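Undergrad: Mind looking at a prediction? Sequence and model below.
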Amino acid sequence: MYTYIHCGRIKEAVTLGKPFKVRLEYREGTSDKWWELTYDPFLSNYVLCNHGRTGSAGRFTPFEYDAQKAAEKAWEKIEKGYDHVSGSWQQLPEGMFGMADAGRRVKLPPPYEQVTRLTRAGDAYRAEDAEGNLISLLSVAGAEKLKKLMGAA
């Protein structure tokens with residue numbers, strides 16, 4: 001669902017609306033901790049930040065940052081000695097930020113490329129595949145973004 005990216009690509013990924021994670025770790029002396037950013041434009045307009053000791057689930061309520069603040073925080077962690085988890089980040093795949101497919105439909109990242117319909121479910125939307133299987137629950141704003149990307153708005 002998420003592409004692990006280098007912290008230098010945060011603002012670009014947010015600007016283009018691409019889901020991602022950045023995972024950093026710090027191990028020195030008795031310290032063994034992690035710090036992670038997660039962004040999914042279909043669920044929130046913010047980059048979520050969670051952190052904790054290795055083996056823990058982290059904070060109960062993650063911090064929310066805009067793209068600029070998230071990038072600044074990531075670089076602060078790098079300066080303090082945190083490093084990307086070995087093998088966790090890659091260059092973004094060729095075409096990941098491309099907008100046009102063969103038709104009007106945009107190439108969406110997993111799992112959203114499977115979505116064929118959105119149905120209202122109370123204060124949220126169900127993103128479903130052709131068989132009606134739930135792919136994701138979306139906020140109203142997230143559903144509107146997905147509709148636009150799918151050419152349905």
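TA: Noted; the coordinates are in hand.
Undergrad: For Y65, which non-adjacent residue is spatially closest?
TA: Computed as Cβ to Cβ, 6 or more residues apart in numbering, the closest residue to Y65 that is not its neighbour in sequence is V47, at 4.9 Å. From N, CA and C alone the C-beta is placed, and that goes for glycine too.
Undergrad: if I pick that neighbour, what's in contact with it?
TA: Residues near V47 by Cβ atoms under 8 Å, 6 or more residues apart in numbering: 10, 14, 37-39, 64-67, 69-70.
Undergrad: Recalculate using a threshold of 7 Å.
TA: Applying Cβ atoms under 7 Å, 6 or more residues apart in numbering to V47 gives the contacts 14, 37, 39, 65, 67, 70.
Undergrad: Restricted to strands, list those.
TA: Mapping these onto strands (DSSP state E) picks out 37, 39, 65.
Undergrad: so can I have TSV of these showing pLDDT and neighbour count?
TA: Below are the ones in strands among the contacts of V47 laid out as TSV (pLDDT from 0 to 100; neighbours: other Cβ atoms under 10 Å):
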residue	pLDDT	neighbour count
L37	92	25
Y39	92	24
Y65	92	20
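Undergrad: which one of those is nearest A130?
TA: For these, the closest approach to A130 (Cβ to Cβ) belongs to Y39, at 27.3 Å.
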